[in-house]
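Undergrad: below are the sequence and a predicted model for it; my questions follow.
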Amino acid sequence: MMRTFLIPGSIILVFLFGAATLMATAPVLIPAPIAPVTSTVRVQTVKPEVVQLKVHSQGTVMPSMESQLIPEVSGRVLWMSPKLVAGGYFDEGDVLTKVDRVDYQNTADRAKATLIRAQAERQHAKFEYQRLRSLEQRQLTSRSQLENALRAYRVAEASLQDAKVNFDQATQNLERTEIVAPFTGLVRAENVDIGQFISRGASIATLYASDQAEVRLPIADRQLAFLNLPPMLRGELPEDMQPDVSLATEYAGRKLTWTGKIVRTEAEIDISSRMVQLVARVANAEQGTPLSVGLFVEAEIKGLSVENIVVLPRAALRNDNQVLVVDQENRLRFRPIETLRLYQDNVLVASGLQAGERVCVSPIQTPIDGMTVNPVRDEA
């Protein structure tokens, strides 16, 4: 009976002793504090520089001068120049069409004959007046005869002036039967043909000049400050105040560029878009490729040159008017700044930063003033 309880009890005591021994010799775990993880951020060193401001816009090319070709005489069209077609190029003074001149030639001939007769009548009246004046001085004729001669002389003088005017008018009408180009350019549209009767004052074609082209460029009024243009100036800008402008477009699979000047501003402000219209002018004679009317072009206008400007990526801007500066102890500090302009992917800082300071350009979800960072120079 004793053996029955002694053996199991011994086994239990051995296991209890082993467990106590393991618990007494187990290693003690001492908790260690968690070391903070330092964030790595990209920084850019502040380097003030001179920045050339630019303003961008776009518009459609228009002719600098466009007019209707209007005949000054009526008649039947006898001849048309091959240049008088849509898209035809012509030079100033080129004859574009001819009107039947027979009637105008006859009128000019009659006017010339009338002029010759009036000259003869005036010469005779003058001679007669001088003869009677000489006789009157010797009291060999009456005063009334002298006055009649003077009146006849003055009537002949007036008839001669009238004949001269009629002759000049007839000569001009004869010359106007040849309709010439008023300037160098191209034909936009024509609506006349050989044999057609055209009337004086009725348009027969639309022409536009090709020596210069213009582009209307809408600009927001707040961007005018970057161009140094006088406010609300009307008409042409002074030559020394005309900003340079570069125009570009894609045409026929290649990029074309032109250079010109902003020559004037339109005084009226668009009531719907609140835009001011600037007019750029391009002299085609100075370009490698003439600027064609109707092209849609992108414009880059050269503005003011500003000193001591810091250029940062837009990602560096916080809360619209702050940046994060990394101090000498590699801690983040909020710094208020004054922005001059947001331009494309950059922000132009006018004041608030010193040369040599480091600005954080990495996006940080919740930056805290004074937090430690590991700054890495941004090579970009």
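TA: Done, it's in.
Undergrad: now the strands: where do they sit in the stretch 201-350 of the chain?
TA: Under the criterion DSSP state E, counting those that start in this stretch, the stretch 201-350 of the chain contains strands at 205-209, 212-220, 235-236, 244-251, 254-269, 275-283, 296-313, 322-326, 332-336, 338-343, 346-351.
Undergrad: looking at the ones you listed, which has the lowest confidence?
TA: Mean pLDDT is lowest for strand 235-236 among these, at a mean of 74.
Undergrad: roughly how far apart are the closest residue to Ser57 other than its chain neighbours and Val55?
TA: Excluding the flanking residues, the one nearest Ser57 by C-beta to C-beta, 6 or more residues apart in numbering is Leu217, at 4.0 Å. Where C-beta positions appear, they are placed from N, C-alpha and C, glycine not excepted. As for Leu217, its distance to Val55 is 9 Å (criterion: C-beta to C-beta, to the nearest Å).
Undergrad: so what sits against both of these two?
TA: Ile301 (C-beta atoms under 8 Å, 6 or more residues apart in numbering).
Undergrad: residue contacts, the one residue sitting closest to the centre of the chain?
TA: Taking C-alpha atoms, centre = their mean, the centroid of the chain lies closest to Ala280, which sits 3.5 Å from it. Applying C-beta under 8 Å, 6+ apart, we find Ala280 in contact with 59, 214-215, 217, 245, 247, 260-263, 299, 301.
Undergrad: pick the one among the residues you listed closest to Thr107.
TA: Using C-beta to C-beta, Glu214 is the member of the contacts of Ala280 that sits closest to Thr107, with 42.4 Å.
Undergrad: hey, what's the closest one bridged with?
TA: Met62, Arg281 (DSSP bridges).
Undergrad: what comes up buried for stretch 337-344?
TA: Going by neighbour count (16 or more other C-beta atoms under 10 Å), the buried part of stretch 337-344 is 337, 339-341, 343.
Undergrad: oh sorry, the question was meant for stretch 311-319
TA: 312, 316-318.
Undergrad: could you do stretch 294-305 as well?
TA: 295, 297, 299, 301-303.
Undergrad: ok so, going back, any chance of the strands of the stretch 201-350 of the chain in JSON lines, plus distance to Leu140?
TA: Shown next, in JSON lines, are the strands of the stretch 201-350 of the chain (distance: least, C-beta to C-beta, whole Å):
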{"stretch": "strand 205-209", "distance to Leu140": "69"}
{"stretch": "strand 212-220", "distance to Leu140": "74"}
{"stretch": "strand 235-236", "distance to Leu140": "71"}
{"stretch": "strand 244-251", "distance to Leu140": "85"}
{"stretch": "strand 254-269", "distance to Leu140": "75"}
{"stretch": "strand 275-283", "distance to Leu140": "76"}
{"stretch": "strand 296-313", "distance to Leu140": "88"}
{"stretch": "strand 322-326", "distance to Leu140": "114"}
{"stretch": "strand 332-336", "distance to Leu140": "113"}
{"stretch": "strand 338-343", "distance to Leu140": "99"}
{"stretch": "strand 346-351", "distance to Leu140": "102"}
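Undergrad: which of those sits closest to Ser64?
TA: strand 212-220 (4.0 Å).
Undergrad: can I get the closest one in PDB, CA atoms only?
TA: Only the C-alpha atoms of strand 212-220 are listed here, as PDB (Å, rounded to 0.1, in the frame of the first residue of the first chain):
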ATOM      1  CA  GLN A 212       3.200  91.700 -91.900                       C
ATOM      2  CA  ALA A 213       1.000  89.500 -89.800                       C
ATOM      3  CA  GLU A 214      -0.700  90.100 -86.500                       C
ATOM      4  CA  VAL A 215      -1.800  87.900 -83.600                       C
ATOM      5  CA  ARG A 216      -4.300  88.900 -80.900                       C
ATOM      6  CA  LEU A 217      -3.100  87.400 -77.600                       C
ATOM      7  CA  PRO A 218      -5.500  87.400 -74.600                       C
ATOM      8  CA  ILE A 219      -3.600  88.100 -71.300                       C
ATOM      9  CA  ALA A 220      -5.000  88.100 -67.800                       C
END
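Undergrad: mind listing what's buried in that strand?
TA: Across strand 212-220, burial judged by 16+ other C-beta under 10 Å covers 212-215, 217, 219.
Undergrad: and the angle for that strand with strand 275-283?
TA: If you take axes from the mean of the first three to the mean of the last three C-alpha atoms, to 10 degrees, strand 212-220 sits at 160 degrees to strand 275-283.
Undergrad: for strand 212-220, the distance to its chain's centre please.
TA: Averaging C-alpha positions (C-alpha atoms, centre = their mean, to the nearest Å) puts strand 212-220 3 Å from its chain's average.
Undergrad: helices and strands around it, which ones?
TA: If you count contacts as 3 or more C-beta pairs under 8 Å, 6 or more residues apart in numbering; DSSP states H and E, strand 212-220 packs onto strand 49-63, strand 254-269, strand 275-283, strand 296-313.
Undergrad: any regions of the chain where pLDDT drops low?
TA: 1-10, 14-15, 17-20, 22-24, 26-37, 231-235, 379-380 (pLDDT under 70).
Undergrad: distance-wise, check Glu329 relative to Thr372.
TA: As judged by C-beta to C-beta, Glu329 and Thr372 stand 8 Å apart.
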